[in-house]
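I'd like to go over a predicted model; first the sequence, then the structure.
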Amino acid sequence: MKQLTSMKGKAVKQVAIIILAVFLLTLPLYIDSAYIMHLLIMACIGTILGMTFSLLFSTGLISLGAAAFYAVGAYISAVLSMNFGFSFWGAFPVTVIASACLALVVGSIFVRSGGIAFAIITLLFASAIVLAAGQVEYLGGWGGIIGIARPTPLGPVEFTNKTPYYYLALAILALVILAFYALYTSRIGRAWKAIKLSPNLSGTLGINLYRYRLLAFVVAAAGAAAAGSFYAHYFQTVTPGAFGGWLSIYIQLYAVLGGLEFYLLGPAVGAVLMTFIPEYLRVIKEYEPIVTGVLLLIVILFFPGGILGSIINSEKINGARLWSRISSIGTWMKKSR
Amino acid sequence: MTVGLFIQLLVNALTIGAIYILMVLGLDIILRGTKILNFAHGQFYMLGAYMLLLLFQLLHIDFALSLVLSVLILALVGAICYVSIFHTVRQRFAVTTTFSYRLLLSAMASVGLMMILQQGTLLVFGTQERGIQSPFPQVLDVLDVRVSLSRLLVIAVSIIICILLYLLMYRTRLGKILRAVSYDPEAVTLQGINTFWIFIFCFALGSALAGVAGGVIAPLFSVTPSMGQDVIFLSLLVLLVGGIGSYKGTVLGGLVVGLLLSFGFQFLGGIAELFLFILVIIFLSFRPGGLLGEAAD
Amino acid sequence: MALLEIKNITRIFGGLIAVRDLSLDVNEGEILGLIGPNGAGKSTLFNIISGFIPPNKGKIFFKGEEITGLRIDQIAQKGIARIFQEPTLFMQETVFENVLSGFHRHYRQPFWKAFLHTPAANREETLKKEKALEILDFMSLTSMSNELAANLPHGHQRALAIAIALATGPELLLLDEPVTGMNPTETMGMVEKIKRIRQRGITVLIVEHDMKAVMSLCDRIVVLSLGVKIAENMPAAIRKDEQVIEAYLGKQVI
């Protein structure tokens, strides 16, 4: 993860985060349209899912089945709610933990393969999950599960319109960001980076490739499941169709578009763009996959660093010059006093 | 189960297996030669079917000639795709980045291509399913079973192509170069061979194989733009099961999957595919390299 | 008991016998040289010791404990560090970060404390950073701390690889051609460093082709040819050994 290590850089970053947080928190105050609120919520979910992809990518693994545990989380939460009477607040933690356990089992098989095999097997796994959900009667078959309860009121807050859902989505997003950030900046994140840069060298440093990758797999699955749990209680319906098709691909697109090297910010940028822009281009719905395909190609061919990658490269030069100009003016002002 | 049913299922299995063998051989050639995991591969299959629709059904060109023409056209399309998209990706990321980067970016590029090809075909031809009048509508009566000649054609074509490929790979100089390139492209360049053309050839060949598969299957099943999507998952599955990098494994994997699907659908119905996935996952936990493949990266 | 005991190691690739029934001991505190013409099996032996390849037959013991067939990271955890022939570094990281990553196995604070960034974990982090600087100084790389590893000249990349290995706090260091490709000045500098590494109590097993370096550095030399040990002795004796000279017939003179 690119970090500005200078003191000024850190301060700038912290201020930017605070401004962004305030902006996001007060957003519902000046947005009336329920539709836009919905898009924002979807962008939050998309960001979380994109970040799970990036998490695995940070260890050098490419997962093409990002939608798998998203679906698993949604279904587990739905079943807990419908058949066992859990409220969202109870179902959510149970779902995340249960999904993590499943990920541990499944991951211990998958992570043994490297590179291409892992990519394919995660893709197949995602399809298998969708197929399974469609075939199994207990999970509602292809019709899915309908009528999942909204989250029970939290104090005075009732989940009757988009706004509480928005804050809930934001809260989950914040939780995931904090967890991932803490991991990235710890020894674990350093081990992941080592594995990604050179599996051989990291092995000779005593890093157990398998164990660290499995950890990443489980954490990523937990994050996706959290998003899935939210999905179930937000849409109140889970169908297999919602998790298949292009979804896994769009999730990677978020990360690639935003910038692969920006594990947290990249997916956010990508998800926001990919959620909002197609809506404005809805007129040409038929052409949408073509536009997405072309966009994908353009990004990969000409902006492989993603949006953030292309900006940051130029900022480094411009920003440094700008700052040195400002500080030299300051020095001059001091001197002339 | 009667002998008749058994034979029918067997022929079915061989047909399905034949198709997937062709598909996965193409996928493998592309993967090993150019290190691209080509998700658009299924679209070349679909285009092969549409080519046949165009040439045979609409322009009334002789079936065999249509097949050959569509293969050539698809090889050309594949070559163009490689040159315009993948080669640039490859050049950009040749030295500085890790393998996972190159794999991801070329795979994502292929996804973009996939979306363009599929939606493009849909816009041009519409979503309706089309059928092709089989050139061999005859049916053989073997032991009380009706076996359609079209299916036997698929199996025959597949066998012929496997033999041709084998001869190419192991008995010609070009084949040697192709194999060498999958191990060490730099060494091949040092021998004075321009690997650019080799990569194009690999991609074109692989795409052509997918095109053949689509072409021969077209008379049997309906032709729709979503054909490609339907076939890519199982192709990838067979690739994994057979083992990346082993042609024999591919053939074996294709046959196994064909058998499982054919008999599976008969006895299990819709669950068959899911069953297959689960079996594969369990299988891979014991043999991550697949049936005969090199251990994965 | 020797620090590293290699007993009857055999390794076959396809039809080729890379290493044939090889036994040798590396004593604590010594610098042992492993020489031989190309194809003698030296790299294979390194790969076997460090866990990259399992042997077909034979066992290896480190400090009396069997390490045959252990994973790469497990062997690293036991205290064996290894340098690769091709520069294997974290190219997109700075020199400092490269060395820092070497301390991975020495962190006392458990996983979850690191995750939570507790004060104890932070203190440990600071300590490691100080040690990293010390190692950089030892290998004369301090001036390049903030350079990307990829930008370093070849000789410094070699030094960096050794610095990273030192950070793992090994008892046994496997050096794979540390001075190959260096000019005489650089070679002398590296030889000095390796001697000082031994002074720190680290045993060194070194594969090299540069005979001057080998002769001035090693306490003992083992000569391999076609997978078999053909001589094991002090440098002076090796120089005169007829079998060794014959194995090198046509090659660079000793």
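Nice, thanks for sending it over.

so what's residue A:204 up against?
C:50, C:72, C:73, C:76, C:81, C:82, C:165, C:168 (Cβ atoms under 8 Å, 6 or more residues apart in numbering or on different chains). C-beta coordinates here come from the backbone N, C-alpha and C atoms, glycine included.

So which of these is the closest to residue A:220?
residue C:73 (21.9 Å; Cβ to Cβ).

I am assuming that closest one contacts residue A:199, so please confirm or correct that.
No: using Cβ atoms under 8 Å, residue C:73 makes no contact with residue A:199, being 10.5 Å away.

which neighbours do those two share?
With Cβ under 8 Å, 6+ apart as the test, residue C:73 and residue A:199 both reach residue A:209.

Just the strands from the stretch 1-150 of chain C, written as ranges.
C:4-13, C:16-26, C:31-35, C:57-62, C:65-66, C:80-82 (DSSP state E, counting those that start in this stretch).

What of the stretch 1-150 of chain B?
Using DSSP E, counting those that start in this stretch, strands in the stretch 1-150 of chain B cover B:139-142, B:145-148.

Chain C is nearest to which of those strands?
strand B:145-148 (44.4 Å; Cβ to the nearest Cβ).

before we move on, the earlier item: going through the contacts of residue A:204, which ones are buried?
C:50, C:72, C:73, C:76, C:81, C:82, C:165, C:168 (16 or more other Cβ atoms under 10 Å in any protein chain shown).

got the residues of chain C near chain A?
Counting by Cβ under 8 Å from any Cβ of the partner chain, chain C comes close to chain A at C:50-52, C:71-74, C:76-77, C:81-82, C:84, C:88-93, C:100-102, C:104-105, C:107, C:111, C:114-117, C:121, C:164-165, C:168.

now, which of the contacts of residue A:204 sits nearest residue C:191?
Using Cβ to Cβ, the contacts of residue A:204 come closest to residue C:191 at residue C:165, 16.7 Å.

So the closest one versus residue A:86, what's the distance?
53 Å (Cβ to Cβ, to the nearest Å).

where does chain A dip in pLDDT?
Low-confidence segments of chain A, defined by pLDDT under 70: A:1-7, A:9, A:245, A:280-286, A:313-337.

Identify the residues contacting the most centrally placed residue in it.
By Cα atoms, centre = their mean, the mean C-alpha position of chain A lies nearest to residue A:48, the distance being 2.4 Å. By Cβ under 8 Å, 6+ apart, residue A:48 lies in contact with A:172, A:173, A:176, A:223, A:224, A:226, A:227.

switch the cut-off to 10 Å
For residue A:48, the contacting residues are A:70, A:169, A:172-173, A:175-177, A:180, A:223-224, A:226-228, A:230, A:251, A:267-268, A:271, by Cβ atoms under 10 Å, 6 or more residues apart in numbering or on different chains.

that older thread, if any of the residues of chain C next to chain A are buried, give me the ChimeraX selection for them.
Of these, the buried ones go into a single ChimeraX selection, burial set by 16+ other Cβ under 10 Å:
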select /C:50,51,52,72,73,76,77,81,82,84,88,89,90,91,92,93,100,101,102,104,105,107,114,115,121,164,165,168
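
Am I right that residue C:104 is in contact with residue A:187?
Yes: between residue C:104 and residue A:187 there is a contact at 7.2 Å, judged by Cβ atoms under 10 Å.

Quickly list what's touching both of these two.
By Cβ under 10 Å, 6+ apart, the residues touching both residue C:104 and residue A:187 are A:207, C:128.

Near chain B, which residues of the stretch 51-200 of chain C are found?
Contact residues, the stretch 51-200 of chain C versus chain B (Cβ under 10 Å from any Cβ of the partner chain): C:91, C:92, C:150.

Confirm residue A:12 sits in a helix?
Yes: counting by DSSP: H, G, I helix; E, B strand; the rest coil, residue A:12 is found in a helix.

Below-threshold pLDDT in chain B: ranges please.
B:93-100, B:142-144, B:289, B:292-297.

all helices for it, in order.
Taking DSSP state H, the helices of chain B run over residues B:3-34, B:41-52, B:63-81, B:87-92, B:99-125, B:149-171, B:173-183, B:185-190, B:195-217, B:227-242, B:247-268, B:271-286.

Would you mind finding the most buried of those helices?
helix B:41-52 (a mean of 29; mean count of other Cβ atoms under 10 Å in any protein chain shown).

relative orientation of that helix and helix B:195-217 in degrees?
60 degrees (axes from the mean of the first three to the mean of the last three Cα atoms, to 10 degrees).

show me where the stretch 151-300 of chain A has helices.
A:162-184, A:187-197, A:199-204, A:209-235, A:247-258, A:265-280, A:288-302 (DSSP state H, counting those that start in this stretch).

could the ones you listed be laid out in a markdown table, adding distance to residue C:13?
A markdown table is the format used below for the helices of the stretch 151-300 of chain A (distance: least, Cβ to Cβ, whole Å):
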| stretch | distance to residue C:13 |
| --- | --- |
| helix A:162-184 | 40 |
| helix A:187-197 | 27 |
| helix A:199-204 | 19 |
| helix A:209-235 | 23 |
| helix A:247-258 | 38 |
| helix A:265-280 | 43 |
| helix A:288-302 | 39 |
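
just the ones you listed: most buried one?
Of the helices of the stretch 151-300 of chain A, helix A:247-258 is the most buried (mean count of other Cβ under 10 Å), at a mean of 26.
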